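1. Here is my input; please provide its structure:
(chains A and B)
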There are 2 protein chains.
Amino acid sequence: MTKVRVYVSYKASILDPQAQAIKAATHKMGYSIVESLNVGKYFDFELDSEANMAEEKVAEIANELLANPNMETYKVEVLN
Amino acid sequence: MTKVRVYVSYKASILDPQAQAIKAATHKMGYSIVESLNVGKYFDFELDSEANMAEEKVAEIANELLANPNMETYKVEVLN
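-> Numbering: from 1, shown residues only, chains lettered A, B, ... in the order given. Okay, the predicted model is just below:
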């Protein structure tokens, strides 16, 4: 069994209103030390295969299903 | 400057229909090796403070703003 994590986040060129709203909220709450904030999703897979194959297949899944190639980028990380 | 990441995910007892739908989609696409899938959000903060204080403040922000205590749990990780 292999655990693989995919991080999906907006490309740097894309404005993220949610992140901006949360950052503004933290400042209103008094946390002025917050300089920047990025928000993303992560997907934790458990796969019945060894690490190399699992990583390869999850990258395919990320590319075909999880990330919108126009606005998002993804990163695959084998956890164990 | 300190980078701190917060992971927010559903508690184990909470059914996540999005994760179930994505898992079903991966099986339809032929990736039967996918045994389980958990989906969550992550928040990458950059803070103008040293690591200990940054970690403490981000935990407060996660507790007060980012995670719904009824359904979600969070984990704080100092990245650098």
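2. C-alpha only now, for contacts and for neighbours.
-> Will do.
3. mind listing the helices for chain A?
-> Counting by DSSP state H, residue ranges of the helices within chain A are A:17-28, A:51-61.
4. Would you tell me which of those helices gets closest to residue B:3?
-> Smallest distance to residue B:3 across those (Cα to Cα): 14.3 Å, for helix A:17-28.
5. on contacts alone, who are the packing partners of that closest one?
-> Secondary-structure packing of helix A:17-28 (3 or more Cα pairs under 8 Å, 6 or more residues apart in numbering or on different chains; DSSP states H and E): strand A:34-47.
6. Near chain B, which residues of chain A? Just list them.
-> For chain A, the contact set with chain B under Cα under 8 Å from any Cα of the partner chain comprises A:26, A:31, A:33-49, A:57, A:61.
7. Show me where chain A dips below the pLDDT cut-off.
-> Along chain A, no part satisfies pLDDT under 70.
8. Residue most distant from the centroid, chain A?
-> No residue in chain A sits farther from the centre than residue A:30, which is 27.3 Å out by Cα atoms, centre = their mean.
9. Phi, psi for it please.
-> phi 100, psi 10 (degrees, to the nearest 10).
10. Could you check how far residue A:72 is from chain B?
-> 14 Å (Cα to the nearest Cα, to the nearest Å).
11. Number of residues surrounding the closest residue to residue A:42 other than its chain neighbours?
-> Nearest non-adjacent residue to residue A:42, counting by Cα to Cα, 6 or more residues apart in numbering or on different chains: residue A:7, 4.5 Å away. Applying other Cα atoms under 10 Å in any protein chain shown, we find 20 other residues in the vicinity of residue A:7.
12. Is residue A:7 in contact with residue A:40, as I believe?
-> Yes: between residue A:7 and residue A:40 there is a contact under Cα atoms under 8 Å: 7.0 Å.
13. circling back: buried subset of the residues of chain A next to chain B, written for PyMOL?
-> Per 16 or more other Cα atoms under 10 Å in any protein chain shown, the buried members of the residues of chain A next to chain B correspond to this PyMOL selection:
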select buried, chain A and resi 26+31+33+34+35+37+38+39+40+41+42+43+44+45+46+47+48+49+57+61
